[in-house]
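Peer 1: Got a sequence here, can you build the structure:
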Amino acid sequence: MSEPQQPTRTQNAAVRLVMNAGSQIWSQLALPLLAIVLALVAGAVVIILTSALSPGKPMDFGLPLRAYGALLEGSLGSENGRVSTLVQAAPLILAGLGIGLGFKAGLFNIGAQGQFLLGAVACVAASQLVKDSDALIAIPVAYVAGALVGALWGFIPGFLKAVSGAHEVVTTIMLNFIGLALMSALISGPLRLPKSPQPVTPNVGDAALPILFGRDGHLGIVIAFLFVPLVWFVLYRTTLGFEIRAVGANPDASRYAGMKPRRLIALTMSLAGMLAGLAGTGNILGINHQMNATFSTTVGFDAITVALLGRSHPVGVMLAALLFGAMRAGAGLMQIQAGVPAQLVDLLQAVILLFLVASPVIRRVFRLRGVKSSLGTTETMAKTYGSEAIR
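Peer 2: From the prediction side, this is the model:
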């Protein structure tokens, strides 16, 4: 009888490679997946407790399963649901990519909300300038206008951080309020539709994005998904992306290596603002087609959770945006079939963010060794808060 063959060096190397790859994947996905599971558990507890508040009804322990089942059916169970999921996810992908790009540079961009709104206003204004043009001209012009204004609104806090050390968290929060006021002033003034009883802009007309599939699957969805590989390529296959990641990891070391942190900070915040502006542009041209003076959205703030959940990686951001888009798309059917308010989705997203921010505690409680924090390079912001100007 022949002796059993011993594993060769090549086989051992292959096994080690697979184990290392699995370990790397687990270190990246463990905390996001755990945050989602814990949020669903917390949501189930809330649903059960609130079911007991209905007069004459006992506590319903099966209600969470029916609610989550309806949520899943509403988002993925039909063609309209799947298209609605993509529609809801598209602006989150772009805004999340912008915030994630800032995270890679150690910057906490809280200003995606203002950048989103002003990008949307800019695309409406641009659409009026080319209202008599063909769609092949009107759509690119509107997109360029939204991108440029979003980039400008991102450049301001980046410039202030670079030259004076003003922390981007503070300046972007203030710029959110300024952007909201500026949006209302523009829609109530020069952009107001003549003879309209309420402050509202004219329709974007020929700049409206064509519907490619389903009921409202517009071209902006494709554009949003195209930016995922584009941002990945910039981050991981270009010199600029390497410098952005180096500045986020260690600004002092990158400066001594010949990089220019000031320029990179201003440029990164501009790119982040551009992506948020594109998110607002796609939302208006693809869905709303006009804006009123009280136009509101949560995309800018939801994108922060999306970027954290996706660990600032473009593919992770895309998957997190799809998850949040599915939640939004299925919320209506959940309320109809299970009687659970659609606001439960807001609770789930907030709890996910809570667990992501508390990732150091989560790692200790569940004894997750070798698992990376969900905060990533955003820890740099704590080190630079209140510091002097970047040299």
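Peer 1: okay, CA-based contacts and neighbour counts for the rest of this
Peer 2: Will do.
Peer 1: Would you enumerate the residues in contact with G217?
Peer 2: 83-84, 86-87, 211 (C-alpha atoms under 8 Å, 6 or more residues apart in numbering).
Peer 1: Adding neighbour count, write those out as CSV.
Peer 2: CSV is the format used below for those (neighbours: other C-alpha atoms under 10 Å):
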residue, neighbour count
V83, 23
S84, 24
L86, 27
V87, 25
I211, 15
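Peer 1: quick check, nearest of those to R369?
Peer 2: Nearest to R369 among the contacts of G217: L86, at 35.2 Å, using C-alpha to C-alpha.
Peer 1: Specify which member of the contacts of G217 is nearest to V46.
Peer 2: S84 (26.3 Å).
Peer 1: The closest one: which element?
Peer 2: helix 79-104 (DSSP states H and E).
Peer 1: what's the spacing between that helix and its chain's center?
Peer 2: Put simply, helix 79-104 sits 6 Å off its chain's centre (C-alpha atoms, centre = their mean, to the nearest Å).
Peer 1: What ranges in the stretch 1-150 of the chain fall below the confidence cut-off?
Peer 2: 1-7, 9, 11-12, 14-15, 17-24, 26, 56 (pLDDT under 70).
Peer 1: So which bits of the next helix or strand after the helix holding S84 are buried?
Peer 2: Going down the chain from helix 79-104, the next helix or strand is helix 112-129, by DSSP H and E. Buried residues in helix 112-129, counted by 16 or more other C-alpha atoms under 10 Å: 112-128.
Peer 1: What about the nearest residue to Q335 once chain neighbours are set aside? Give its phi and psi, please.
Peer 2: Ranked by C-alpha to C-alpha, 6 or more residues apart in numbering and with sequence neighbours excluded, the top spatial neighbour of Q335 is P341, at 5.1 Å. Main-chain dihedrals, P341, degrees, to the nearest 10: phi -60, psi 140.
Peer 1: On the three-state scheme, K131 is what?
Peer 2: coil (DSSP: H, G, I helix; E, B strand; the rest coil).
Peer 1: Quick one: residues contacting it.
Peer 2: Per C-alpha under 8 Å, 6+ apart, neighbours of K131: 138, 204-207.
Peer 1: among the residues you listed, who's most crowded?
Peer 2: A207 (30 neighbours; other C-alpha atoms under 10 Å).
Peer 1: For the stretch 201-350 of the chain, which segments are assigned as helices?
Peer 2: 219-237, 239-249, 251-256, 261-283, 299-309, 314-338, 344-357 (DSSP state H, counting those that start in this stretch).
Peer 1: What lies in contact with the first one?
Peer 2: Pointing back at helix 219-237 there. So helix 219-237 is contacted by 86-87, 90-91, 93-94, 97, 209-212, 240-242, 244-245, 279, 282-283, 285-286, 313-315, 318 (C-alpha under 8 Å, 6+ apart).
Peer 1: got it, and the second one?
Peer 2: Around helix 239-249, the neighbours that count as contacts under C-alpha under 8 Å, 6+ apart are 103-107, 234-236, 253-255, 259, 261, 264, 268, 377, 380.
Peer 1: Extract the C-alpha trace of that helix and format it as CSV.
Peer 2: Extracted C-alpha coordinates of helix 239-249, given in CSV (Å, rounded to 0.1, in the frame of the first residue of the first chain):
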residue,chain,number,x,y,z
THR,A,239,-1.0,58.7,-6.7
LEU,A,240,-3.7,61.1,-5.6
GLY,A,241,-5.6,58.4,-3.8
PHE,A,242,-2.4,57.2,-2.1
GLU,A,243,-1.7,60.7,-0.9
ILE,A,244,-5.3,61.1,0.4
ARG,A,245,-5.0,57.8,2.4
ALA,A,246,-1.5,58.8,3.6
VAL,A,247,-2.7,62.1,4.9
GLY,A,248,-5.6,60.4,6.7
ALA,A,249,-3.3,57.9,8.3
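Peer 1: which parts of that helix are buried?
Peer 2: So for helix 239-249, counting by 16+ other C-alpha under 10 Å, buried means 241-249.
Peer 1: How about the third one?
Peer 2: Buried positions in helix 251-256, judged by neighbour count with 16+ other C-alpha under 10 Å: 251, 254-255.
Peer 1: what about stretch 342-361, distance to the chain center?
Peer 2: For stretch 342-361, the distance to the chain centre is 15 Å (C-alpha atoms, centre = their mean).
Peer 1: Closest one of the contacts of G217 to F295?
Peer 2: V87 (18.0 Å).
Peer 1: tell me the contacts of that closest one?
Peer 2: 216-218, 221, 325.
Peer 1: P58 looks like it's in a helix, true?
Peer 2: No. Applying three-state DSSP, one finds P58 to be coil, outside a helix.
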